[in-house]
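Novice: Build me a structure from this.
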Amino acid sequence: MSYPVRYYCPHCGAVFELEREGYLADKSVTPYPLVGWEYVAPDADFESADGVRLVCGDGADGLRWIGERSEADDVEDPSSEAPCGRELYLSFVRFVDGEEVEPEPERVQTTIAGAGPSGPRGTDGPRGPGGPSGSGGFER
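Specialist: Sure, this is the predicted structure:
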């Protein structure tokens, strides 16, 4: 049996209802897809998917934007126009071998600028109390 479940857009706070089965467990609604999750359109068979890819304000079978706005603290821009037309992702809890799968952090490429030093550098100052031999300038 399906039920209307309410969510809000993380960008603008526009509230929508999605008809879905009660056994599905929500993970999150985010402005970005979770790494490793597969998303489908709201009018596709999302019960067998990892989540639903939505566009704020677009209509589809089983999806209804209700004309309200959330006042949640995590709305990116509560003063923006709603619905905003931006993508958002409803992610369901995933299980592998009976264990809940946590999303991997998004991978970020980092480039280190310049070639850098080829090795350690010595000091530019004197080498000891009396010069390089450390004898203090005395001969024996």
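Novice: The helix or strand of the chain with the lowest mean pLDDT packs against which elements?
Specialist: Taking mean pLDDT, DSSP states H and E as the measure, the chain has strand 94-96 as its least confident helix or strand, at a mean of 86. Judged by 3 or more CB pairs under 8 Å, 6 or more residues apart in numbering; DSSP states H and E, strand 94-96 is in contact with strand 99-101. Using the backbone N, CA and C atoms, a C-beta is placed for each residue, glycine as well.
Novice: Return the list of strands paired to the strand it packs on, each annotated with direction.
Specialist: strand 94-96 (antiparallel) (DSSP bridges).
Novice: contacting residues around the partner strand?
Specialist: The contact list for strand 94-96 (CB atoms under 8 Å, 6 or more residues apart in numbering) reads 27, 37, 50, 100, 101.
Novice: Could you rerun that using 6 Å?
Specialist: Contact with strand 94-96 is made by 50, 101, as judged by CB atoms under 6 Å, 6 or more residues apart in numbering.
Novice: now that strand, how far from the centre of its chain.
Specialist: 19 Å (CA atoms, centre = their mean, to the nearest Å).
Novice: Now the least confident helix or strand of the chain: buried residues?
Specialist: Going by neighbour count (16 or more other CB atoms under 10 Å), the buried part of strand 94-96 is residue 94.
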